[in-house]
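Asks: Dropping a prediction and its sequence here:
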Amino acid sequence: MTEEISARKRVWGWYFFDWASQPYHTLLVTFIFGPFFASVAAEHFLGTGLDEQAADAQAQGMWSFGLGLIGVFIGLGAPLLGALADSAGRRVPWIFGFSLLYVIGAWGLWFMLPDGSNLWWGLVAFGIGFIGAEWALIFINSQLPSLKSDKGTGEISGAGFAFGYLGGVVSLAIMLLFFVEQGNGKTLIGLDPALGFDAAAREGTRFVGPFTAMWFVLFMVPYFLWVRDAPVPAQKRASLSAALASLGRALRGLRHNISLSAYLGSSMFYRDALNGLYSFGGVYAALVLNWEVTQIGVFGVIGAISAALFSWLGGKLDARFGPKPVIIVAIWLLIAVCLTIVSMSREMFFGVPLAPGSALPDIVFLVCGVFIGGLGGTLQAASRTLMVRHAKPEAPTESFGLYGLTGRATAFLAPTLIGLATLATGSARLGVSPVIALFLIGLFLLRWVRPEGDRS
C-alpha cells in the first residue's frame, strides 16, 4: 500500500498535521482559552479582596506555573518516546495515541466554568491535550527527512508551518464570527453565539475546546490516509531496554558533537522564549491592555496571517541562505519586539506619558502581533530544518526526541521566570521581561553551531 501513495500525497498528508493541530496553539494557548483563563482567574482573585493589579499578577502567575509544570512533564517524556519509536521503526501508531490525548484534553475545556470555581480543572484538561500535541509533534518532525519531494526539507518545513498557520487563521475566524461573546453577549459580527449557546455562561467561548478537538479529528484524516511508516521487520518491536540504551548512547555522544550540543542548548533557550511570547501574548493583552477576548482574537487573526506569510517566505530564504542566518535575524527582531512590549502600558510608551484613552498602545501591540506571529513561524520552521541537518539518518526520531527534550526540558523556565518576575514586580507587563534574556542566551550559543550540521 505504501507504493500506491505518491510522494506529493505524502507531503500533503504531512502538511495536514500542521493544519489540524495548529488550533491548539492558536485558539487555546494564545488567543482564546489562555486569555479567557486569565480573565476568569483575575475576576476570581478580585473577589478574594485583591486589588486589580495584584489580581492580574496572581492570575498570570497561576497560568505561568501551570504551563511550567506541563512543560516539565512533556520534556521528561520526549527523548524516551523518540527512542522507543526508533527501536520499533514505527511512528504512526504513536501519533494516533497522542492524538487521542489531544482530543480528550481539548474537549475537557468545555467544563471550566466562568465563575472561577474550577480553574484547576481547566489547567489539567489543557495540560492533557497539550502533552498529546507536543509528543505527537516529535514523531511528526522525525518524518521530515523521509519525505521525498522535489523541494528541500527547508522549503517543506516552511510550507508546513505556513499551511498550519493558515488553518489557525480559518479556525480563529470561525470562532470569532460565530461563537466567542463580546461584553454585550454578541459575537464579533453582532450575532448571538451559534448553536443556542448561553452567552451569560460564556458557552460560546468555552466551545473553543470541543471545536478544537473536532477540527483536529476532521483534518487528521488526510494524514492517516496518505502517510505510512516504512515496512519494518516482523521481529522488530518496541523495547524499553533498547530505547534506554539508545537514549544513553545519544546523550553520551553529545560531548563528541559540539555543533549538535550547542544547537540543542541554543534552541532550548530561544524556543522557550518564543513559547513564552505565545503563551503570554494574549494574556498580556487581557491583563495589561484590558482587551476583550474578541479583540485578542482579531489580533490573533492578524498574527496568524503574518505567520503563514512569513513562514512561507522564511522557507524560501532558508532554501537560499540556509536556516542558521534566518534564525539569527528572527531572534534579533523578536528581542526588539519584546523590548517594545515591556516598555508600554496604557499610561506610557518608553517612559513617555500618554494621553488618557490613547490608541497608541493598541496600534503598537497589533504591529507587535504581526512580528510575533510572523517571526515565530519563521523561527520554528528554520529550527526544524537545522535539526534535520543534525539528525542521525538511522534514528531520526531519537534525534528529534532530544530536540523535543531540549525544547521542553526548560519549558518550565519561561513560564516560571515570568511568574516570578510578575509576582516580584507586581506587574503583568514587567513580568514578560525574562524572555529577552532567554533569547540572548540562545543567540550566544548559536556561535558554535555549524550551518550544515556536524555530520561528515
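Replies: Perfect, thanks for sending it. Numbering: from 1, shown residues only.

Asks: Could I get the average pLDDT for stretch 53-71?
Replies: Summarised as a single mean, pLDDT over stretch 53-71 is 86.

Asks: for Tyr270, what are its contacts?
Replies: Ile327, Ile331, Leu379, Leu438, Phe439, Ile441, Gly442, Leu443 (C-beta atoms under 8 Å, 6 or more residues apart in numbering). Any C-beta I mention is one placed from the backbone N, CA and C, and that applies to glycine too.

Asks: The fourth one: how many residues sit nearby?
Replies: By the criterion of other C-beta atoms under 10 Å, Leu438 has 25 neighbours.

Asks: now swap in the last one and tell me
Replies: Leu443 has 17 neighbouring residues, counting by other C-beta under 10 Å.

Asks: and it, helix, strand or coil?
Replies: The three-state label given to Leu443 by DSSP: H, G, I helix; E, B strand; the rest coil is helix.

Asks: Skipping adjacent residues, who's closest to it in space?
Replies: When the adjacent residues along the chain are set aside, Leu443 lies closest to Ile331, with 5.4 Å between them (C-beta to C-beta, 6 or more residues apart in numbering).

Asks: Tell me the pLDDT of that neighbour.
Replies: For Ile331, the model assigns a pLDDT of 96.

Asks: Which neighbouring elements make contact with the host helix or strand of it?
Replies: Using DSSP states H and E, Ile331 falls within helix 323-342. The criterion is 3 or more C-beta pairs under 8 Å, 6 or more residues apart in numbering; DSSP states H and E, and the helices and strands that helix 323-342 contacts are helix 258-287, helix 293-321, helix 360-390, helix 434-445.

Asks: so the first one versus helix 323-342, what angle?
Replies: Direction vectors for helix 258-287 and helix 323-342, defined by axes from the mean of the first three to the mean of the last three C-alpha atoms, to 10 degrees, enclose an angle of 30 degrees.

Asks: Give me the buried positions along helix 258-287.
Replies: Across helix 258-287, burial judged by 16 or more other C-beta atoms under 10 Å covers 259-287.

Asks: And the shortest one, by the same measure?
Replies: Judged by neighbour count using 16+ other C-beta under 10 Å, the buried positions of helix 434-445 are Pro434, Val435, Ile436, Leu438, Phe439, Ile441, Gly442, Leu443, Leu445.

Asks: angle of that helix against helix 360-390?
Replies: 30 degrees.

Asks: how many neighbours does Ile296 have?
Replies: Summarising burial for Ile296: neighbours were counted as other C-beta under 10 Å, giving 26.

Asks: That should have said Ile140, apologies.
Replies: Should you count by other C-beta under 10 Å, Ile140 turns out to have 21 residues around it.

Asks: That one contacts Phe16, doesn't it?
Replies: No. At 10.4 Å, Ile140 and Phe16 do not qualify as touching, with contact defined as C-beta atoms under 8 Å.

Asks: re earlier: between the buried residues of helix 434-445, which is nearest Arg202?
Replies: Top of the list for closeness to Arg202, among these and by C-beta to C-beta, is Val435 at 29.6 Å.

Asks: now stretch 223-232, how far from the centre of its chain.
Replies: Between the mean C-alpha location of stretch 223-232 and the chain-wide mean there is a distance of 25 Å, by C-alpha atoms, centre = their mean, to the nearest Å.

Asks: With stretch 123-138 instead?
Replies: With C-alpha atoms, centre = their mean, you get 11 Å for stretch 123-138.

Asks: can you pull the buried residues of it?
Replies: By neighbour count, and taking 16+ other C-beta under 10 Å as the criterion, the buried residues in stretch 123-138 are 123, 125-138.

Asks: Please apply the same query to stretch 63-83.
Replies: So, applying 16+ other C-beta under 10 Å, buried residues of stretch 63-83: 63-75, 77-83.

Asks: can you pull the pLDDT of Val432?
Replies: With respect to pLDDT, Val432 scores 84.

Asks: and if you look at Leu405?
Replies: Confidence per residue is given as pLDDT, and for Leu405 that number is 64.

Asks: Then Glu203?
Replies: Glu203 is given a pLDDT of 97.

Asks: Same check on Ser117?
Replies: You'll see Ser117 listed with a pLDDT of 92.

Asks: Make 200 the starting number, not 1.
Replies: Noted, 200 is the first residue going forward, which turns the last one into Ser316.

Asks: for it, helix, strand, or coil?
Replies: Secondary structure of Ser316, reduced to three states by three-state DSSP: coil.

Asks: tally of neighbours for it?
Replies: In terms of burial, Ser316 registers 11 neighbours under the definition other C-beta under 10 Å.

Asks: swap in Leu299?
Replies: A count of nearby residues for Leu299, using other C-beta under 10 Å, gives 12.
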